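# A predicted structure for the sequence below; I have some questions about it.
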Amino acid sequence: MKRLLLPTLVLAACHSPPERGNGTFASDVEFLREHVQTLVLTSPTGAKVAVVPAYQGRVMTSMVGGGRPDSFGWINRDLIASGKFVEHINVFGGEDRFWLGPEGGQFSVFFKPGSKFDLTDWQTPAPIDSEPFELVDSTADSARFRQQFDLTNRSGTRFRVAVGREVRIRDANEVLTRLGVEPAVGVHAVCFETVNTVQNAGQNAWQKDSGLLSIWILGMFNASPASTVLVPFVNGPERYHGPVVNDEYFGKVPADRLYVDQDRSLITFRADARHRGKIGVGPKRAKPVMGSWDAARGVLTLVEFTLPVDARDYVNSLWKLQDEPYAGDVVNSYNDGPSTPGGLGFGNFYELESSSPALALAPGAIATHTHRTTHLVGPRPALAAIAQHVLGAELNALTSPQP
C-alpha cells in the first residue's frame, strides 16, 4: 500500500469539548467499578481501555491520550446497574465482545432444536452472554482470559469449546504506519486489539454437514445523528463476486440509509440508532478493514480484522432454514432502532462486526481471529486524509450516506 505522508505526531492537548455519549471515560469507569470488576489498560501516550472479565473479557470503552476525555464505547448503564440478567440477551454494551456464530439457520447456536426463528425462541447462549471468562493474567497494557463450555446447535450437534482471549493496547503510530499513514500533528488515538482463539475440545471433528461455528467479534459505539459506517469493498461483476451488500437481515434497509458508491468502492450506512437495520459483506467482496465517521464529535474509527485470502465458507446467520448455510458474511454493521413502530430499541448505538471463516476443526485443533479497533480525533483535514487513504472515504461528503 502506498504510504500517505503527514506531519509527525505531537501530543498536544485537544481543547475541543466532548460531545456527550454515555459520559467521559473516567465517569464510565467509575460507574462500571461500582457494579463489576473492571481492568483499565494504559498505553505510554495516555490512551486507556476498560475491560470487564465478567462480560467475557469484553472491552467496554476506551479513550485517546492527549487530554480529550471522550468515552467511545456504548454502555448500557440501566441494565448493569440493575444487577440482573434478562431473557434472550444481556445487552451490556462494549466496543469488542466475543460471540460465536451462526445466529440463524439450521446450524444456529441461538435457537434450540425445533424452535421457530422469532424473537420469542431466540436465546443468546449463556457462555457468551451472562457467564464470566476466567482472568488468566494481566499487565499494564494487556489481559488474558479463558473459558470452556458446551454448545448445542439447532440441528442437535454438540460442541465442546475452549476459548482463549487476549486484549492488548497497540501503539497507534505503528498501526497507522503499517496502513501506510504517517500520524499527523494534533491527532490523538487509542488502538486496541483482541486475539481470539477457539479450540475443538471434544472427541469428534466439527464437520460441515452437521454444522460449524465461527468466531464473531462485535463492537458497540455511541451513535450520533451524523454517524456513518464506512465499508470498502472489492469491485467487480456480480456474477463472480456476488452482491455488493446484503441488507435483508431485518428487512430491506431504506435507500436514504444505505448507499453503494461504485466509483469509490465504498458502502455508506447511516448509524444514528434511529432505524433498526443490518448489512453484511461476503468473502468475495470484503476487505480486511472498515470504519465509521462521527461528524458531530469528530471521531474517525478504523476496524481491522483477520481475513484469510482463500476462505470462502462463512456461516450464514439469516433467521431461516438455509439452502446455503456457508454463504454468510465476513463484515457486518448493525444500526439500532425500534423493532416495532412506536417501540424502543436497545440503545443509542451502532455496531461494527467481523467474523472468522467457518471452523472445521479436528479434535484439539485451534483457530484464531484478531480484531483491531483504532479511534482518532484531531484536525479534520488530517482525519480526512487518513479516511481517504485507508477507507476511500471523503469525509466532507459524509454528513449522511447520500452521494
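That came through, no problem. Numbering: from 1, shown residues only.

# does residue 382 sit in a helix, a strand or a coil?
Following DSSP: H, G, I helix; E, B strand; the rest coil, residue 382 is assigned to helix.

# Counting neighbours, what do you get for it?
Close neighbours of residue 382, defined as other CB atoms under 10 Å, add up to 20. Bear in mind the C-beta positions are built from the backbone N, C-alpha and C, glycine included.

# before we move on, what about residue 152?
By other CB under 10 Å, the residues close to residue 152 number 14.

# Over to residue 186?
There are 17 residues near residue 186, going by other CB under 10 Å.

# Give me the distance between it and residue 376.
Going from residue 186 to residue 376 by CB to CB, to the nearest Å gives 11 Å.

# Secondary structure element holding residue 373?
Element membership of residue 373, judged by DSSP states H and E, is strand 366-377.

# Which positions within that strand qualify as buried?
For strand 366-377, a neighbour-count test (16 or more other CB atoms under 10 Å) marks 367, 369, 370, 371, 372, 373, 374, 375, 376, 377 as buried.

# so what strands line up beside that strand?
strand 188-200 (antiparallel), strand 299-305 (antiparallel) (DSSP bridges).

# which one of the ones you listed lies closest to residue 361?
Residue 361 lies closest to strand 188-200 among those, at 3.9 Å (CB to CB).

# Can I get the closest one as CSV, trimmed to CA atoms?
What follows is strand 188-200, C-alpha atoms only, in CSV (Å, rounded to 0.1, in the frame of the first residue of the first chain):
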residue,chain,number,x,y,z
HIS,A,188,-4.6,11.6,19.1
ALA,A,189,-5.5,7.9,19.0
VAL,A,190,-6.3,4.8,21.0
CYS,A,191,-5.7,1.4,19.4
PHE,A,192,-6.5,-2.0,21.0
GLU,A,193,-6.9,-5.5,19.6
THR,A,194,-8.3,-8.8,20.7
VAL,A,195,-6.7,-12.1,19.8
ASN,A,196,-9.5,-14.7,20.0
THR,A,197,-8.8,-18.5,19.8
VAL,A,198,-11.3,-21.3,19.6
GLN,A,199,-10.3,-25.0,20.2
ASN,A,200,-12.3,-28.1,19.5
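
# right, and the helix or strand after that strand?
strand 214-222.

# What average pLDDT does that following strand get?
Strand 214-222 shows a mean pLDDT of 98.

# Quick check: next helix or strand after it?
Sequence-wise, the next helix or strand downstream of strand 214-222 (DSSP H and E) is strand 227-232.

# Can you give the contact residues for that following strand?
221, 245, 265-272, 279, 281, 287, 289-296, 331, 333, 335, 350, 352, 387, 391-393, 398, 400-401 (CB atoms under 8 Å, 6 or more residues apart in numbering).

# 7 Å - rerun?
265-272, 281, 287, 289-294, 331, 333, 350, 352, 391-393, 398, 401 (CB atoms under 7 Å, 6 or more residues apart in numbering).

# For the helix or strand just after that strand, what is the distance to the chain centroid?
Going down the chain from strand 227-232, the next helix or strand is helix 238-241, by DSSP H and E. Chain-centre distance of helix 238-241: 27 Å, with CA atoms, centre = their mean, to the nearest Å.

# Heading C-terminal from helix 238-241, find the next helix or strand.
strand 258-261.

# Could you pull up the mean pLDDT of that next one?
Taken as a whole, strand 258-261 has an average pLDDT of 96.

# go on, stretch 145-159?
The model assigns stretch 145-159 a mean pLDDT of 98.

# And stretch 58-73, by the same measure?
For stretch 58-73, mean pLDDT is 94.

# same check, this time on stretch 382-397
95.

# which residues touch it?
Contact with stretch 382-397 is made by 4, 6, 179-181, 184, 186-187, 230, 232, 264-266, 289, 291, 293, 300, 302, 376, as judged by CB under 7 Å, 6+ apart.

# try stretch 288-304
The contact list for stretch 288-304, computed with CB under 7 Å, 6+ apart, reads 16, 19, 70, 72, 219, 221, 224-232, 271, 305, 307, 331, 352, 354, 372-377, 380, 383, 386-387, 390-391, 393, 395, 398-399.

# returning to what we had before: out of the contacts of stretch 382-397, which are buried?
So, by 16+ other CB under 10 Å, the buried ones in the contacts of stretch 382-397 are 4, 6, 179, 181, 184, 186-187, 230, 232, 264-266, 289, 291, 293, 300, 302, 376.

# quick one on the thing from earlier: figure out which of the strands paired with strand 366-377 is closest to residue 101.
The closest of the strands paired with strand 366-377 to residue 101 is strand 188-200. By CB to CB, the value is 11.1 Å.
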